[in-house]
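1. take this sequence and fold it.
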Amino acid sequence: MTLKTKVIISGSVILIFLFLLIRPYWSFVNNTLHVSILKTLFSKDSLKTYDDQVNILLLGIAGGKHDGPNLSDSIVVANYNFKTNKLTTISIPRDIWSDTLEDKINSAYAYGEAKKPKGGGFILSKAEVEAIVGLPIQYSAVIDFDQFKELIDYLGGVEVEVENSFVDKKFPIAGKENDECNGDKTFACRYETVSFKKGVTHMDGTAALNFVRSRNAEGDEGTDFAREKRQQKVMNAAQNKIFSLAIKMDLTTLKKLYGIMDKLVKRDITNQQAALIAKNAFFRGKFKQEKISLSENFFTNPPLYDNGYNGLWVLVPSDKDYTLIHKYIDCRIKALPGCDKLENEGKKDQ
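-> Numbers count the residues shown, from 1 in each chain. Next up, the predicted model:
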């Protein structure tokens, strides 16, 4: 088995796990890897698991000067099964309504951090997402997309396949969210136009961020589900670039990558705990990957005038209580037959 076939991460997960794995490696080459860490690598005692599985919540926040810097633009649950050596990533639409928050779930991290800085965001976000996916979430990590631009530029840009051409004439300009625009009632000065043409496109950091953040394009590309697909494309492209650099084992490059990712990622999983997962995935063999996206079939979209949702554009489960989504995720993780029927059942309930 080649080293490349042993890569354990895909999509957004690669950015977090490469960060967590680069640091122990960098410590090792500098002769600072402690004996206690080596012991931990061969014991799961320090890792929280459930039924030989570990679930990690991955959040992508706007960061910087953007309006709502702690709102989650991206929400993904990474499920790793130690027995089957399978990594399953579950993309969660950010516009799902939460009765507890009385807001969308993408606000959970922001509310949590406001109440308890440096930790409250993870606690509240994990509780909210657990209710949706029906899985206990042991760990969490957050990517600052404002810093993500620096990573993409360091990589020399990424090659991304644009599936559909689209134009977004209301792409928000950072820092101008409250600009009065000299009395212009359309507030045109708050926005710029971004566009992408179908086909393979080389994107620098700015273009990549615009591509994953755009949410006001006309047609299908203006939906939350389309944004999730675009985010996965950029993350996969970044994965390929990062891995091509990391596999060369150039210490200067690794040190630079670590420095960038140190600013990019916050988490409540330690380097040693992440290394346990990596060790199992690398050496167990027959590693498998699965991507789950919760399609629109599982949700309904209440009208904006419905006062029950504060006038927001939201998604609510078609079966009202996430039971169908729980069954679907369990079906996909266990690779059981009939998963497609569950998704179609959600469509019938709408």
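
2. tell me the SS of Met212?
-> No, residue 212 isn't Met; it's Val. Under the three-state scheme (DSSP: H, G, I helix; E, B strand; the rest coil), Val212 adopts helix.

3. list the contacts for the nearest residue to it once chain neighbours are set aside?
-> By the measure of CB to CB, 6 or more residues apart in numbering, the closest residue to Val212 outside its immediate chain neighbours is Gln231, 4.6 Å from it. For every residue, glycine as well, the C-beta is placed using N, CA and C. When contacts are counted by CB atoms under 8 Å, 6 or more residues apart in numbering, Gln231 touches 12, 60, 73-74, 212.

4. also His326?
-> Applying CB under 8 Å, 6+ apart to His326 gives the contacts 133-134.

5. what's the helix or strand for it?
-> Assigning secondary structure by DSSP states H and E places His326 in helix 323-333.

6. residues of that helix that come out buried?
-> 324-329, 331-333 (16 or more other CB atoms under 10 Å).

7. could you find the closest non-adjacent residue to Gly205?
-> Going by CB to CB, 6+ apart, Gly205 has Lys149 as its nearest residue, at 3.4 Å.

8. and the one you found, how far is that from Val316?
-> According to CB to CB, to the nearest Å, Lys149 and Val316 sit 34 Å apart.

9. now swap in Thr100 and tell me
-> Taking CB to CB, one finds Thr100 at 14 Å from Val316.

10. ok, back up a step: would CSV of the contacts of Gln231 with neighbour count and secondary structure be doable?
-> Output for the contacts of Gln231, formatted as CSV (neighbours: other CB atoms under 10 Å; DSSP: H, G, I helix; E, B strand; the rest coil):
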residue, neighbour count, secondary structure
Ser12, 26, coil
Gly60, 25, strand
Asp73, 22, strand
Ser74, 24, strand
Val212, 24, helix
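
11. tell me which of those residues is nearest to Lys185?
-> Nearest to Lys185 among the contacts of Gln231: Asp73, at 28.1 Å, using CB to CB.

12. beta partners of the residue nearest to that closest one when sequence neighbours are not counted?
-> Once flanking residues are discounted, Asp73 sits nearest to Gly60: 5.0 Å by CB to CB, 6+ apart. Going by DSSP bridges, Gly60 is paired in beta bridges with Ser74, Ile143.

13. tell me, how many neighbours does Ser244 end up with?
-> 11 (other CB atoms under 10 Å).

14. what helix or strand is it on?
-> Here Ser244 is assigned to helix 224-246, by DSSP H and E.

15. from the chain's centroid, how far away is that helix?
-> With CA atoms, centre = their mean, to the nearest Å as the basis, helix 224-246 stands 10 Å off its chain's centre.

16. okay, and the beta partners of the closest residue to Phe196 other than its chain neighbours?
-> Spatial nearest neighbour of Phe196, chain neighbours left out: Val162 (4.8 Å); criterion: CB to CB, 6+ apart. When bridges are called by DSSP bridges, Val162 pairs up with Gly199.

17. OK, contacts around Val162?
-> With CB under 8 Å, 6+ apart, Val162 has these contacts: 196-201, 211.

18. and the gap between Ile260 and Glu290?
-> Distance from Ile260 to Glu290, by CB to CB: 29 Å.

19. and these two? Which one has more around it.
-> The neighbour comparison of Ile260 against Glu290 (other CB under 10 Å) goes to Ile260, with 18 against 15.

20. packing partners for the helix or strand where the more buried one lies?
-> Assigned by DSSP H and E, Ile260 belongs to helix 251-264. Helices and strands touching helix 251-264, as assessed by 3 or more CB pairs under 8 Å, 6 or more residues apart in numbering; DSSP states H and E, comprise helix 13-29, strand 139-144, helix 145-154, helix 224-246.

21. can you rerun that using 7 Å?
-> Secondary-structure packing of helix 251-264 (3 or more CB pairs under 7 Å, 6 or more residues apart in numbering; DSSP states H and E): helix 13-29, helix 145-154, helix 224-246.

22. give the buried residues for that helix.
-> 254, 257-258, 260-261, 264.

23. do the same with stretch 183-203
-> 190-191, 194, 196, 201, 203.
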